[in-house]
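Colleague: Take a look and give me a structure for this.
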Amino acid sequence: MSSKYPTTMSCMDAFNRLTSCYSLGGQFRSYYRTGQLNNCDKQLDKLKFCIFNGKDPIAVQKWYQMEAEKNKQLVGSTDLIWEERS
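Modeller: Here you go, the predicted structure:
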């Protein structure tokens, strides 16, 4: 595997991101940006993966690689709505 992707994953960080997503502020941010509440599937999947595979460096690198590929394919990102001011 390439050293381009991390070989470790923090389950505590994954848990914190999940609780932040489910929080009132996280849901408000999601509703403001996209017009709908977030079901936090991405954060939950990361936590589940970390619990079961977090110690395997090859599996972690593959997971990060797959996530990078998914993010490249995103269409209609909220960043496309906003224009940068000059």
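
Colleague: Please name the nearest non-neighbouring residue to Val60.
Modeller: When the adjacent residues along the chain are set aside, Val60 lies closest to Met9, with 5.0 Å between them (C-beta to C-beta, 6 or more residues apart in numbering). Bear in mind the C-beta positions are built from the backbone N, C-alpha and C, glycine included.

Colleague: and the gap between the one you found and Glu69?
Modeller: 17 Å (C-beta to C-beta, to the nearest Å).

Colleague: more crowded one of the two?
Modeller: Counted by other C-beta atoms under 10 Å, Met9 and Glu69 do not tie: Met9 has more neighbours, with 22 against 9.

Colleague: Read off the pLDDT value for the more buried one.
Modeller: In this model, Met9 is scored at 93, pLDDT.

Colleague: can you tell me which helix in the chain is longest?
Modeller: Longest helix of the chain, by residue count under DSSP state H: helix 57-72.

Colleague: in it, what counts as buried?
Modeller: Ala59, Val60, Gln61, Trp63, Tyr64 (16 or more other C-beta atoms under 10 Å).

Colleague: same question, stretch 7-26
Modeller: By 16+ other C-beta under 10 Å, the buried positions in stretch 7-26 come out as Met9, Ala14, Arg17, Leu18, Cys21, Gly26.

Colleague: Please apply the same query to stretch 30-43.
Modeller: Ser30, Asn38, Cys40, Gln43.

Colleague: Please report how far Ala59 lies from Asn71.
Modeller: Distance from Ala59 to Asn71, counting by C-beta to C-beta: 19 Å.

Colleague: and if you look at Gln61?
Modeller: With C-beta to C-beta as the criterion, Gln61 and Asn71 are 16 Å apart.
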